[in-house]
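>>> could you look at this predicted model? Sequence included:
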Amino acid sequence: MNEAIKTVVGRDEANQPTGRPAVLKVGIAGYGVVGKRRRHFLDLDPRFKVIAVCDRTIENGSQTDRGVVAYNNHRQLLAEDLDALFVCLPNDVAADMTIAGLERGLHVFCEKPPGRDLADIARVIACERRHPNLKLKYGFNHRYHESVVDALQIVKSGELGEIINIRGVYGKSRFISFGEHSDWRVNARLPAAVSCLTKAFTWSISFVCSPARSPKCTAS
């Protein structure tokens, strides 16, 4: 996220004006566990001001803590005066919300994965190309975990030879529920739960199948 911040906030690394606002007005789509976590850290950074959030569980027009307006409809969120949008929604609607934010003229940060399938991602790419002045970032936070960084160094060293197979595992040692509206990951009847499998594969594939490495690797 810091890379996006440096690009779109008031001054660049050389302390030169960028012509953009010094404080970005932010909306958060999806105010569950992850959305609230993002809000916490946005509030700690003086370069951001959270203006509004939306979530289907929220009473429309109510206020969250610290006076931020809350909606249960994303259209009302996008009608606010915003500079950037954080998309913290289930996988089956994340791509649509990302596109809506870009079409609204907002910089967008979206949780992984970018979409459920290639068609979703193709739509997002096409939309992003129509808005070259906007920034679109994704939260591949696991790339910066110390264990992943160490593993990548081993891969780059070549001591294991060419990597031809990776086994990705998604999940925790035990399931922790945050309430009925946050348990969609384990509800097989929901499209978003099925597409959660892409998370493990996304991490694994992006870890090894970079442009600088062989495209022959597979994930299982």
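Now that the structure is in, tell me what you want to look at. Numbers count the residues shown, from 1 in each chain.
>>> what's the average pLDDT for stretch 84-101?
For stretch 84-101, the mean per-residue pLDDT is 94.
>>> can you check stretch 45-60 too?
For stretch 45-60, mean pLDDT is 90.
>>> next: stretch 33-42.
Per-residue scores along stretch 33-42 average to 93.
>>> in it, which residues are buried?
By 16 or more other CB atoms under 10 Å, the buried positions in stretch 33-42 come out as 34-36, 38-39, 42. Every residue, glycine included, has its C-beta placed from N, CA and C.
>>> in helices, which of those fall?
Secondary structure from DSSP state H places 34-36, 38-39, 42 of the buried residues of stretch 33-42 in helices.
>>> which parts of the protein belong to which domain?
2-138, 142-219 (automatic domain parsing).
>>> which of those has the lowest mean pLDDT?
When I compare the domains of the chain, domain 142-219 is least confident, with a mean of 63.
>>> got a markdown table for the buried residues of stretch 33-42, with distance to residue 99 too?
What follows is the buried residues of stretch 33-42, written out as a markdown table (distance: CB to CB, whole Å):
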| residue | distance to residue 99 |
| --- | --- |
| 34 | 20 |
| 35 | 19 |
| 36 | 24 |
| 38 | 20 |
| 39 | 23 |
| 42 | 22 |
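>>> just the closest of these to residue 119, please.
Set against residue 119, the nearest of the buried residues of stretch 33-42 by CB to CB is residue 34 (24.3 Å).
>>> quick check, that closest one in contact with residue 111.
Yes: shown here, residue 34 and residue 111 form a contact pair, counting by CB atoms under 8 Å, at 6.1 Å.
>>> pull up the overlap in contacts between these two.
residue 88 (CB atoms under 8 Å, 6 or more residues apart in numbering).
>>> check which element follows the host helix or strand of residue 128 along the chain.
Secondary structure from DSSP states H and E places residue 128 in helix 118-130. Counting by DSSP H and E, the next helix or strand C-terminal to helix 118-130 is strand 136-138.
>>> if anything else comes up later, I'll come back, but that's it for now.
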